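A.B. asks: Quick one, what's the 3D model for this:
(one chain, ligands or ions: 2)
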Amino acid sequence: MSRVQLLQVNKTFDGVVAVKQLDLEIQEGEFFTLLGPSGCGKTTTLRMIAGFYYPTKGKILFDDQEVTLVPPHRRNTGMVFQNYALFPHMTVFENVAFGLEVRKIPRKEIRDRVGDALRQVRLDGYGERRISQLSGGQQQRVALARALVIRPRILLLDEPLSNLDARLRDEMRAEILSIQRSLGITTIYVTHDQVEALSMSNRIAVFNQGVCQQVGTPDEVYNRPCNTFVASFVGETNLIPVTIQEVTEEYITVKYGDYTLRVRQESEKFPVREGENHWYLSIRPEGVQLASESGPNTVRVQLQLAQFTGISFQCTSRLDDQQTLQALLVNRPNLAGSLRAGETLWFHLPENQLRLIPAH
Ligand code: ADP
Ligand code: MG
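C.D. replies: Numbers count the residues shown, from 1 in each chain. Ligands and ions are numbered 1, 2, ... in the order given. Next comes the predicted model:
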């Protein structure tokens, strides 16, 4: 178990900036996720923590001790690579034992520890199988056992579930979490999948183009996104450009075209001034409600598409030529057959579902 700190870390590859001015502090025992689209610098960050890459600038600390230039085998981190990086011609036992043999651990202890690690990932009795005889999910477990067997102080997982099918992914998500909880091991998890990040993490760092945009709990990054990138990458959202009309203690009134909408003031709000027009109104599709008529905070839309998904209707509508509005209507079986493309509807945008997000 260890606390991990990155202080002003930068990494460039031949002039290409992969990670820029990164400050992170990961607490002991925390399940911490690096989330972002492909190419945003997640793997590079993880590899710098493992020691496979050294930062171009900045420092990395484990428990207040600097490890910036310490080689990987002296950091005692366990890493699961995206492609597992197993030795295909070797057995499961040999793969898991490898890290212990390199460390010159006695044979008997190796046998016990490999046995324990395989039990942890529920591969008891698979020791003599060859990697090529295993399914993708089993290979993933071997990779996890190989990382755990060295009793690492930090567990690093690079998109460990991305090669598995959806059902197996759900199952492994729960298993990884339960192993992490039972060991209490500081875990840094890389994914581009927001559902994985939201459902597994204590905290999430959202990355875009090498820059960390926001660090927060799943609730914070989902419900209090700091910018439009986070708002639209972590979940779906509607972004409507607005002008600020009036600011009071309780409410902010904004204008979009002919509509005047009211937003409830939040405790941790951004400073907003009357007359400003560099703001977006953000509302999640599940926050939009169907209304029967015009009223406060309602907008008139033309329905373009309504898709029934079983638990919900996903509605795509047009507010005007420029602006679409996505709505997710849950638990409304009575709507079946009544939502038709081309129809005009009223949508209510509840004031407590609206957030103002700076455009830049
Ligand atoms: P992610 O894991 O988020 O998809 P990466 O950390 O792999 O992103 O990559 C971030 C950026 O750094 C990309 O532009 C990628 O092309 C570049 N990059 C990563 N590793 C190397 C490398 N070994 N050599 C050169 N460029 C690299
Ligand atoms: Mg990657």
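A.B. asks: Packing partners of the helix or strand Leu156 falls within?
C.D. replies: Using DSSP states H and E, Leu156 falls within strand 154-158. Contacts defined by 3 or more Cβ pairs under 8 Å, 6 or more residues apart in numbering; DSSP states H and E place strand 154-158 against helix 42-50, strand 77-80, helix 136-148, strand 186-191. Bear in mind the C-beta positions are built from the backbone N, C-alpha and C, glycine included.
A.B. asks: Give me the angle between the third one and strand 154-158.
C.D. replies: Following axes from the mean of the first three to the mean of the last three Cα atoms, to 10 degrees, one obtains 150 degrees for the angle between helix 136-148 and strand 154-158.
A.B. asks: which parts of helix 136-148 are buried?
C.D. replies: Neighbour counts over helix 136-148 (16 or more other Cβ atoms under 10 Å) mark 137-148 as buried.
A.B. asks: so which of those residues comes closest to ligand 1?
C.D. replies: Proximity to ligand 1 was ranked across those by Cβ to the nearest ligand atom; first place goes to Ala143, at 17.1 Å.
A.B. asks: The closest residue to that closest one other than its chain neighbours: what's it in contact with?
C.D. replies: Distances taken as Cβ to Cβ, 6 or more residues apart in numbering place Tyr84 nearest to Ala143, at 4.2 Å, with adjacent residues excluded. Tyr84 makes contact with 139-140, 142-143, 163 under the criterion Cβ atoms under 8 Å, 6 or more residues apart in numbering.
A.B. asks: Can you name the two of the residues you listed that sit furthest apart?
C.D. replies: Distance extremes for the contacts of Tyr84: the farthest pair is Val142 and Asn163 at 13.1 Å, using Cβ to Cβ.
A.B. asks: Can I get stretch 193-205 in CSV? Just the C-alpha atoms.
C.D. replies: C-alpha atoms of stretch 193-205 as CSV (Å, rounded to 0.1, in the frame of the first residue of the first chain):
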residue,chain,number,x,y,z
ASP,A,193,-14.8,3.5,-20.7
GLN,A,194,-16.7,6.0,-18.6
VAL,A,195,-19.0,3.3,-17.2
GLU,A,196,-16.0,1.3,-15.9
ALA,A,197,-14.5,4.5,-14.4
LEU,A,198,-17.7,5.6,-12.7
SER,A,199,-18.7,2.2,-11.4
MET,A,200,-15.3,1.2,-10.0
SER,A,201,-13.4,4.2,-8.8
ASN,A,202,-12.9,6.1,-5.6
ARG,A,203,-11.7,9.0,-7.7
ILE,A,204,-11.2,9.7,-11.4
ALA,A,205,-8.8,11.9,-13.3
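A.B. asks: Give me the contact list for it.
C.D. replies: With Cβ under 8 Å, 6+ apart, stretch 193-205 has contacts from 24, 27, 30-35, 161-162, 169, 173, 176-177, 189, 191, 212, 214-218, 221-222, 233-235.
A.B. asks: Run the contact check for it versus ligand 1.
C.D. replies: No - using Cβ under 6 Å from any ligand atom, stretch 193-205 never reaches ligand 1; the gap is at least 11.6 Å.
A.B. asks: low pLDDT regions in this structure?
C.D. replies: For the chain, the stretches flagged by pLDDT under 70 are 1, 267-269, 333, 336-337.
A.B. asks: ok, now which ones touch the closest residue to ligand 1 within the stretch 51-200 of the chain?
C.D. replies: The nearest approach of the stretch 51-200 of the chain to ligand 1 comes at Val190, 6.5 Å away (Cβ to the nearest ligand atom). By Cβ under 8 Å, 6+ apart, Val190 lies in contact with 33-34, 42-43, 45-46, 157-159.
A.B. asks: tell me, how many neighbours does Thr316 end up with?
C.D. replies: 16 (other Cβ atoms under 10 Å).
A.B. asks: how about it, phi and psi?
C.D. replies: Thr316 has phi and psi values of phi -110, psi 130 when expressed as degrees, to the nearest 10.
A.B. asks: Do I have it right that it meets Gln304?
C.D. replies: Yes - if you go by Cβ atoms under 8 Å, Thr316 and Gln304 touch, sitting 4.8 Å apart.
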